[in-house]
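**Student:** Following is a predicted model, sequence given first.
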Amino acid sequence: MFDFILYPVSAILWFWHKIFGFVLGPDNGFAWALSVFFLVFSLRLVLLKPAISQIRSGRQMQKFAPHMQKMREKYKNDKQRMAQEMQKLQSEHGVNPLGGCLPALLQVPVFLSLFTVLRNFTPGAQSNYIFDAQGVESFIQADIFGAKLSNWVTQPAQELAAFGTDRTSMMIVAIPLMLVASVATYFTMRMSMKRQTEAAMANPQTAMMGKFMMYVAPIGAIVSGPFLPIAVLLYWLANNFWTLGQQHLLTNKIDREQERARQKEIEAKKAAPRPKPGQKPNRPQEGAVQTEEETEEAPAQRSGAPQQQNRPKSQRSGGGGGRPGGKKGQQKNRPGKQAASAKKGKKKR
């Protein structure tokens, strides 16, 4: 079923064993251990881009978590409407809820494939996917302080003896690996908890689940360790160390990106034009159309220049002579004075 993954996984392991086996010897246990380590590093390097997308998706989810909480409260009696609104909100923000689970899901078939490849290193086997009979024999002969890489602690004593080892030798190597893997798992979960926002941790369910996993996952490494081959424990240890370093480096990288984006927003706001102190913005009424004279007078009004320069000379007389409401340039319509003026004109003629 997993043949399309089993062959690439065994090919990567074969490649690194050729390199470290050339330096340390093909039957050297540390050459095989380093091959398992670099198998993990190679696979995690392929999954680096989805891991970055996972962190960015998580940050975006944290940003509009309060909006999602409001929607849950608003549509708590209408689950269908709630799902529609949630999907709409996620599409508007470009968030994929499965993006955070993708890297973890991709590691599951890889882990199972590695476990299957290691289990197939058995005495007398003629091949193991990419490995030929010589490669199978090399892996079986390799050991670390007497512990065979393809065996585990709880294996029957007869099977351990068939591989040339015993339970004591297996425990001497397996127990330290389990403890170190457990400690690395704890610090990985702890760092992940610290990266959570206050809004996310304010949710009691999220906080409780995070604390639960922070203590249960390390215990799982100790409980399941005796049932896993030494090479799988090496895989687990290398994977935890890679996750710890990757989480530190990538989260700092995303933090710097967000800080630069925030600084750009602040600089853009500072560079935006603002009205002078005491100046009212010139906003035309909705639906109004400015005439050519109003358009020409607008710059003069904004610069504080007197409006009289744009008017005819006869209207620029002092005291508001050019305005209809002025006192000097205005003729009052009084019938008595007009009649008296007409009589004076007749006498003169």
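**Tutor:** Noted; the coordinates are in hand. These numbers were taken from a predicted model, which means no experiment stands behind them.
**Student:** State the helix or strand in which Arg256 lies.
**Tutor:** In the assignment (DSSP states H and E), Arg256 maps to helix 230-271.
**Student:** What of Leu114?
**Tutor:** helix 102-119.
**Student:** in that helix, what counts as buried?
**Tutor:** Residues of helix 102-119 classed as buried: Leu102, Pro103, Gln107, Val110, Phe111, Ser113, Leu114, Phe115, Thr116, Val117, Leu118 (neighbour count, 16 or more other CB atoms under 10 Å). Glycine gets a C-beta too; all of them are placed from N, C-alpha and C.
**Student:** Go ahead and confirm the third one touches Ala51.
**Tutor:** Same thing as Gln107. No. Here Gln107 lies out of contact with Ala51, judged by CB atoms under 8 Å, at a distance of 10.3 Å.
**Student:** Can you get me a residue count around the closest residue to Arg81 other than its chain neighbours?
**Tutor:** Distances taken as CB to CB, 6 or more residues apart in numbering place Tyr75 nearest to Arg81, at 4.8 Å, with adjacent residues excluded. When counting by other CB atoms under 10 Å, one arrives at 16 neighbours for Tyr75.
**Student:** Give me the distance between Tyr75 and Ala272.
**Tutor:** Separation of Tyr75 from Ala272 (CB to CB, to the nearest Å): 38 Å.
**Student:** what do you get for Glu85?
**Tutor:** 33 Å.
**Student:** Could you check which of those two is surrounded by more residues?
**Tutor:** Glu85 (18 against 7).
**Student:** and the more buried one, what element?
**Tutor:** Going by DSSP H and E, Glu85 is part of helix 79-93.
**Student:** Quick check: the residue nearest to Arg81 touching Glu85?
**Tutor:** Yes. Taking contacts as CB under 8 Å, Tyr75 lies within contact range of Glu85: 6.4 Å.
**Student:** what's the distance between Leu47 and Pro109?
**Tutor:** 12 Å.
**Student:** Over to Val180?
**Tutor:** 25 Å.
**Student:** what do you get for Ala125?
**Tutor:** 23 Å.
**Student:** Need the buried residues of helix 102-119 in a markdown table (columns: pLDDT and distance to Phe241).
**Tutor:** Shown next, in a markdown table, are these (pLDDT from 0 to 100; distance: CB to CB, whole Å):
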| residue | pLDDT | distance to Phe241 |
| --- | --- | --- |
| Leu102 | 62 | 21 |
| Pro103 | 63 | 16 |
| Gln107 | 72 | 14 |
| Val110 | 77 | 16 |
| Phe111 | 77 | 16 |
| Ser113 | 83 | 20 |
| Leu114 | 80 | 16 |
| Phe115 | 81 | 19 |
| Thr116 | 85 | 23 |
| Val117 | 86 | 21 |
| Leu118 | 81 | 19 |
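**Student:** Closest one of the residues you listed to Gly135?
**Tutor:** For the buried residues of helix 102-119, the closest approach to Gly135 (CB to CB) belongs to Val117, at 11.1 Å.
**Student:** Could you report the neighbour count for the closest residue to the closest one other than its chain neighbours?
**Tutor:** Excluding the flanking residues, the one nearest Val117 by CB to CB, 6+ apart is Ser10, at 5.0 Å. Residues contacting Ser10 under the criterion other CB under 10 Å number 22.
**Student:** just checking, Ser10 touches Tyr129?
**Tutor:** Yes. Using CB under 8 Å, Ser10 is in contact with Tyr129, at 3.9 Å.
**Student:** list residues touching both of the two?
**Tutor:** Val117 (CB atoms under 8 Å, 6 or more residues apart in numbering).
**Student:** can you give me the strands in the stretch 51-200 of the chain?
**Tutor:** Remark: strands assigned in the stretch 51-200 of the chain by DSSP state E, counting those that start in this stretch are 127-128, 131-132, 143-144, 147-148.
**Student:** Pick the most deeply packed of the ones you listed.
**Tutor:** strand 147-148 (a mean of 26; mean count of other CB atoms under 10 Å).
**Student:** Who are the packing partners of the helix holding Glu85?
**Tutor:** Applying 3 or more CB pairs under 8 Å, 6 or more residues apart in numbering; DSSP states H and E, one finds that helix 79-93 contacts helix 65-74.
**Student:** Asp255 and Leu249: what is the separation?
**Tutor:** Asp255 is 11 Å from Leu249, by CB to CB.
**Student:** does the closest residue to Val183 other than its chain neighbours sit in a helix or strand, and which one?
**Tutor:** Excluding its sequence neighbours, the residue lying closest to Val183 (CB to CB, 6+ apart) is Pro218, at 7.0 Å. Using DSSP H and E, Pro218 sits within helix 204-224.
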